[in-house]
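Engineer: Quick one, what's the 3D model for this:
(one chain, ligands or ions: 1)
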Amino acid sequence: MPKPKKNSVKDAVAEWRKLVTSSTKKLYQLAKEAQTRSYSPYSKYPVGASVRSGRQFFAGTNVENASYGATICAERVAIVTAVAAGHRRIDEICLVTSNSEGAAPCGMCLQVISEFSGPDTKLWIANPKEILGLYRLKELFGFRFTKKDLKLKSKQAQRR
Ligand SMILES: [Zn+2]
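Structural biologist: You can find the predicted model right below:
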């Protein structure tokens, strides 16, 4: 019987650390800088995000609003900035919060990330001190509503 691995958690961490490239470092730096520009007077929860589309990088920060509902998260600001610049594919994302253990994107952001990326898109989770981990979109958002679902529904609607 094989012995269980002693350092499986450490091995998992070492595994994602091998995937940190110079573009990951640039992505992290941009997200970290964006966090310092956060407009979050209500939550006092500054967030920075960045996305890479091919060789292009875009950053975003959370922008809150007195109405609360008009608030937009850092990830979506970064993505809409990329889309406004003509990019339709997100290859890699970095999210910086001040949480010591990091934080995942909210559900609304996962839906928007999903629109422009694939199941294996890398999501780096970080705080201002360091990169804390790597997730694939499918790990955080496994069963997604996508444009494929709309095509199915429109075909059904045409049959009626
Ligand atoms: Zn969000």
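
Engineer: Give me the contact list for the helix or strand residue 29 falls within.
Structural biologist: Using DSSP states H and E, residue 29 sits within helix 22-35. With contact meaning CB atoms under 8 Å, 6 or more residues apart in numbering, helix 22-35 is reached by 46-52, 57, 59-61, 74, 78, 92-98, 124, 126, 128, 131. (C-beta placed from N, C-alpha, C; glycine too.)

Engineer: of those, buried ones?
Structural biologist: Buried members of the contacts of helix 22-35, scored by 16 or more other CB atoms under 10 Å, are 46-52, 57, 59-61, 74, 78, 92-98, 124, 126, 131.

Engineer: Those residues also near the ion: which ones?
Structural biologist: For the ion, no contacts are drawn from the buried ones among the contacts of helix 22-35 by CB under 5 Å from the ion.

Engineer: related to what we said a few turns ago, just the buried positions in the helix holding residue 29, please.
Structural biologist: If you call a residue buried by 16+ other CB under 10 Å, then helix 22-35 has these buried ones: 24, 27-32, 34-35.

Engineer: centre of the chain versus the very next helix or strand once past it, how much separation?
Structural biologist: Remark: after helix 22-35, the chain's next helix or strand is strand 48-53, criterion DSSP H and E. Centre-to-centre, strand 48-53 and its host chain are 7 Å apart (CA atoms, centre = their mean, to the nearest Å).

Engineer: Equivalent analysis for stretch 30-46, please.
Structural biologist: In terms of CA atoms, centre = their mean, the centre of stretch 30-46 is found 15 Å from the chain centre.

Engineer: measure that stretch end to end?
Structural biologist: This stretch, stretch 30-46, spans 14 Å end to end (CA to CA, to the nearest Å).

Engineer: What's the mean pLDDT across that stretch?
Structural biologist: For stretch 30-46, the mean pLDDT works out to 98.

Engineer: Residue 120 belongs to a strand?
Structural biologist: No. Applying DSSP: H, G, I helix; E, B strand; the rest coil, one finds residue 120 to be coil, outside a strand.

Engineer: Any chance of the backbone angles for it?
Structural biologist: Dihedral angles phi and psi of residue 120 (degrees, to the nearest 10) take the values phi -100, psi 10.

Engineer: Now do the contacts for the residue nearest to it when sequence neighbours are not counted.
Structural biologist: Leaving out its chain neighbours, the residue that sits closest to residue 120 by CB to CB, 6 or more residues apart in numbering is residue 136, at 5.1 Å. Listed by CB under 8 Å, 6+ apart, the contact partners of residue 136 are 119-123.
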